[in-house]
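Asker: Predicted coordinates and the sequence they were generated for:
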Amino acid sequence: MTKRIFRSICLVALLVFFSSIALIMGVMYDYFSKVQQNQLKMQTALAAQGVAHEGMYYFDRLDSGNCRITWISRSGDILYDSQSDTASMKNHLEREEIRMALENGYGESDRYSATLMERSFYSARLLDDGSILRLSVTHSTIFILLLGMSQPVFLVFAIAVALSIILATRLSGRIVRPLNELDLDNPMANDSYEELSPLLRRIGSQQNELNIQKDKLHRKQEELNAVISNMKEGILLLNSAGEILSINPAAMELLDIQPYAPVSSGLCHSLALQNILERALQGEPSEKTLELKERHYQVTASPVISDQSVFGAALLLFDVTEKEQAEQMRREFTANVSHELKTPLHAISGYAELLANNLVKKEDICPFAGRIYTEARRMTKLIEDIISLSHLDEGSLNMDFETVNLLETAKAAADSLASEAKAAGVSISLSGESAVLSGIPQLLFGMIRNLCDNAVKYNRAGGSVFVSVCTVSDTVSLSVRDTGIGIPPEHQEHIFERFYRVDKSHSKELGGTGLGLSIVKHAARIHHAALQLKSIPDEGTEICVTFPSTARLK
């Protein structure tokens with residue numbers, strides 16, 4: 001803008017300069033031409049009086065200088081000429097100034113010579129004898145005058161150009177300076193040019209709108225960043241060149257890559273993942289479950305398409321390890337349930353078939369019926385445990401926490417097993433102090449009963465079961481210890497799994513379903529309690545359940 005203003009000022013200054021020169025020269029040239037014409041007229045009148053009195057003798061002592069004097073007869077012949085031979089001169093009767101003098105007594109004219117670049121002025125006066133006296137002077141044209149004045153004109157032109165440049169530089173800087181110093185952050189605070197007020201008001205209004213939109217976008221970006229940064233799922237955005245534009249911490253940790261890095265630099269260790277991304281960048285969505293860092297992830301790659309062109313790809317990584325484990329557990333659970341139910345059903349079906357076909361002796365009918373009853377009870381207990389375990393898998397949504405005295409609950413569970421313990425020749429003793437906590441009564445009762453039931457079943461005749469409740473450092477501890485057969489070390493980490501039995505044949509003889517300790521584990525998890533197992537083969541087993549301080553009521 002400064003250059004344009006500078007050029008405009010210089011151009012205007014030069015145009016004004018040349019226009020002024022042309023106008024002044026024209027006016028002055030016209031003025032001096034008229035002055036010279038008037039002087040020539042006066043000189044003609046004086047010379048006419050001299051010729052009228054003295055005749056040809058007037059010219060003998062006359063010095064005409066640069067003025068040409070011609071005396072013409074009435075017929076147009078040349079009587080005298082101060083610069084040319086009269087014999088060689090043509091008749092002048094047709095000249096404009098001569099005709100005017102013959103008609104009016106005085107005539108004048110001017111003629112331009114393109115060859116000599118001169119202008120001649122003529123003045124003629126009619127004498128009393130009918131002859132005509134003409135005076136003429138030569139006057140240079142305006143172009144010759146300009147050519148003769150070229151040196152001073154060029155000097156003035158150079159001075160004008162220099163002044164124009166200096167003034168244009170200062171003026172353009174002065175004009176542009178307020179524009180360069182505009183405070184666009186506060187448009188209405190500028191008062192340099194009144195003509196800019198509408199523009200500044202518009203800028204201020206748009207700036208306010210932009211600030212509002214910027215704040216909204218900033219808040220949304222912060223919210224999005226907060227959500228993405230705290231997501232456990234990995235999110236990855238790529239451009240069409242395969243460079244990472246955005247990546248959240250979960251994806252960075254999982255893939256060991258940084259933002260703005262080429263995909264090939266960080267994902268080359270996973271060929272399957274690289275293939276998924278390449279297909280997405282080619283416009284083909286894909287989904288696959290991959291194993292990354294010993295965990296299973298569902299990888300979904302979607303191309304970002306606009307105007308039928310692929311601008312990039314979005315990659316989502318969902319951790320489905322628990323889902324896969326749950327699915328595997330469900331399949332194993334289904335298979336185990338089918339197997340566990342098949343055994344008593346086959347036994348019941350076989351005994352019932354023998355009885356239905358009268359293939360059993362009368363004295364064996366009662367034992368057969370007892371076996372059918374035992375297998376039916378075992379199957380019923382198995383189904384009850386499966387139902388309980390299914391409810392525990394759903395969590396405690398339909399159960400209410402209440403104030404529970406753990407010592408009284410333990411006493412009720414021990415009393416419910418009194419007959420089974422007496423039949424097995426095992427004694428159950430309860431000790432400890434009253435401990436009140438927040439829990440689900442039926443789950444706590446089932447937990448203690450299952451622990452005591454296992455302690456009775458896997459004990460020896462004449463053995464003992466010790467149940468104790470105590471408080472330790474603001475926590476509540478429940479301990480069930482027996483003097484039974486114990487658990488070998490290699491089986492101890494698996495006994496809380498579903499349908500896991502150390503001795504399957506012995507467990508089935510005792511009517512165990514293999515789900516008791518799994519129910520205990522789920523109940524403890526709902527109460528945020530910790531399980532601890534201590535067992536020595538042939539000496540006994542102790543299982544301790546520690547409830548956190550938050551569960552205890554004071």
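Answerer: Nice, thanks for sending it over.
Asker: Tell me how many other residues crowd the nearest residue to residue 83 once chain neighbours are set aside.
Answerer: Nearest residue to residue 83, sequence neighbours excluded (CB to CB, 6 or more residues apart in numbering): residue 68, at 5.0 Å. C-beta coordinates here come from the backbone N, C-alpha and C atoms, glycine included. Other residues within reach of residue 68, judged by other CB atoms under 10 Å, total 17.
Asker: Got the phi and psi for residue 68?
Answerer: Here is the backbone geometry of residue 68 (degrees, to the nearest 10): phi -100, psi 130.
Asker: Contacts only, for it.
Answerer: Contacts for residue 68 were tallied using CB atoms under 8 Å, 6 or more residues apart in numbering; they are 81, 82, 83, 135, 136, 137.
Asker: Which of those fall within strands?
Answerer: 81, 135, 136, 137 (DSSP state E).
Asker: Identify the bridge partners of the last one.
Answerer: For residue 137, the beta-bridge partners under DSSP bridges are residue 121.
Asker: any idea how far residue 51 is from it?
Answerer: Going from residue 137 to residue 51 by CB to CB, to the nearest Å gives 18 Å.
Asker: Next: residue 78.
Answerer: Residue 78 sits 14 Å away from residue 51, going by CB to CB.
Asker: between the two, who's got more neighbours?
Answerer: Neighbours of residue 78 and residue 51, each counted by other CB under 10 Å, are more numerous for residue 51; the result is 23 against 19.
Asker: returning to that earlier point: show the buried residues in the contacts of residue 68.
Answerer: 81, 82, 135, 136, 137 (16 or more other CB atoms under 10 Å).
Asker: residues contacting the residue nearest to residue 3 when sequence neighbours are not counted?
Answerer: The shortest distance from residue 3 to any non-neighbouring residue, by CB to CB, 6+ apart, is to residue 172 (8.0 Å). Residues near residue 172 by CB under 8 Å, 6+ apart: 2, 3, 5, 6, 9.
Asker: wait, which of these is closest to residue 516?
Answerer: Closest approach between these and residue 516, by CB to CB: residue 2, at 92.2 Å.
Asker: Give me the below-cutoff pLDDT ranges for the stretch 51-200 of the chain.
Answerer: Low-confidence segments of the stretch 51-200 of the chain (pLDDT under 70): 113-117, 140-150, 153, 178-184, 187-196.
Asker: Now with 90, please.
Answerer: By pLDDT under 90, the low-scoring segments of the stretch 51-200 of the chain are 51-99, 101-105, 108-122, 126-200.
Asker: One more: the stretch 451-554 of the chain?
Answerer: Low-confidence segments of the stretch 451-554 of the chain (pLDDT under 90): 453-455, 457-462, 471-475, 484-529, 535-539, 548-554.
Asker: Please enumerate the helices of it.
Answerer: 504-509, 516-526 (DSSP state H, counting those that start in this stretch).
Asker: Tell me how many other residues crowd residue 47.
Answerer: The tally of other residues near residue 47 (other CB under 10 Å) stands at 22.
Asker: Contact partners for it?
Answerer: Neighbouring residues of residue 47 by CB under 8 Å, 6+ apart: 58, 69, 133, 135.
Asker: Please apply the same query to residue 317.
Answerer: By CB under 8 Å, 6+ apart, residue 317 lies in contact with 233, 234, 235, 236, 250, 251, 254, 292, 297, 298, 299.
Asker: Dump the contacts of residue 47 to JSON lines, plus distance to residue 527 and secondary structure.
Answerer: Shown next, in JSON lines, are the contacts of residue 47 (distance: CB to CB, whole Å; DSSP: H, G, I helix; E, B strand; the rest coil):
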{"residue": "58", "distance to residue 527": "153", "secondary structure": "helix"}
{"residue": "69", "distance to residue 527": "145", "secondary structure": "strand"}
{"residue": "133", "distance to residue 527": "147", "secondary structure": "strand"}
{"residue": "135", "distance to residue 527": "141", "secondary structure": "strand"}
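Asker: can I get those in JSON lines with distance to residue 421?
Answerer: What follows is these, written out as JSON lines (distance: CB to CB, whole Å):
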{"residue": "58", "distance to residue 421": "178"}
{"residue": "69", "distance to residue 421": "170"}
{"residue": "133", "distance to residue 421": "172"}
{"residue": "135", "distance to residue 421": "166"}
